[in-house]
Structures are given as structure tokens and as C-alpha cells.
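S.K.: here is my input, please return the structure:
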Amino acid sequence: MIDLGDLPPQITSLDRDRLLRAANNEDTLAAARAAFEREWLLEKLGNFGWNISRTAESVGLARESLSRKLKSLRIDVDTERAERG
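M.R.: Below is the predicted model:
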């Protein structure tokens, strides 16, 4: 079994330009932060096979806290998984 840590950084690193573009398209700090958080969490979820528990552990949140954050950012894991693969 290949783990995320076995992959080279080119595959596992976040697309920083995409994250910054998402944040820069917003007018307020709160909106920029939400845009950045949304993209960052989507990237993390994808890295962990859309598994909320593993993603929560990776980002240092309790599973319930991550679930609330996803809801507040209007992220539906099932929909995103289907769209992004």
C-alpha cells in the first residue's frame, strides 16, 4: 500500500497560486480567509481520500469541529468527491 508520505512533494504539495488567487478575489479579510480555508480544506480532503476523520487529524481539529467548519464553508464532501475525483 502506498501512503501519502511515499509520494514526492510535487504531487502532494498544495497549489499555492490557486489558493492565493481564491483569496485575492475577495474584498474583505473575512471573505479572503473563508476562500483560502475552503480551497485548503478541499485540497486536504482530496489528499486523504475524502476521509473526514483522517483529514481532521491531519489539520489538528476534532472530527466534529472539521464537520462544522465544512458546513460553514458549504462544502459537501460527497458532491466534491464526485466532482473532483
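
S.K.: and the most centrally placed residue in the chain, what does it touch?
M.R.: Nearest to the mean C-alpha position of the chain, counting by Cα atoms, centre = their mean, stands residue 41 at 1.6 Å. Residues in contact with residue 41, defined by Cβ atoms under 8 Å, 6 or more residues apart in numbering, are 55, 59, 66, 69-70, 73, 75. (Each C-beta comes from the backbone N, C-alpha and C, glycine too.)

S.K.: quick one: list the elements packing against the one helix or strand residue 83 maps to.
M.R.: For residue 83, the enclosing helix or strand under DSSP states H and E is helix 77-84. On a contact count with 3 or more Cβ pairs under 8 Å, 6 or more residues apart in numbering; DSSP states H and E, helix 77-84 meets helix 29-47.

S.K.: next, the angle from the helix it packs on to helix 77-84.
M.R.: Here helix 29-47 runs at an angle of 70 degrees relative to helix 77-84 (axes from the mean of the first three to the mean of the last three Cα atoms, to 10 degrees).

S.K.: give the rounded mean pLDDT of the helix or strand following helix 29-47.
M.R.: Later in the chain than helix 29-47, the nearest helix or strand by DSSP H and E is helix 52-59. What helix 52-59 shows for mean pLDDT is 96.

S.K.: what comes into contact with helix 52-59?
M.R.: Contacts of helix 52-59 (Cβ under 8 Å, 6+ apart): 41, 44-45, 47-48, 62-63, 65-67, 70, 77.

S.K.: compute the inter-axis angle for it and helix 77-84.
M.R.: Relative orientation of helix 52-59 and helix 77-84, computed by the same axes, to 10 degrees: 80 degrees.

S.K.: residue ranges in this protein under the pLDDT threshold?
M.R.: For the chain, residues meeting the criterion pLDDT under 70 lie at 4-16, 85.
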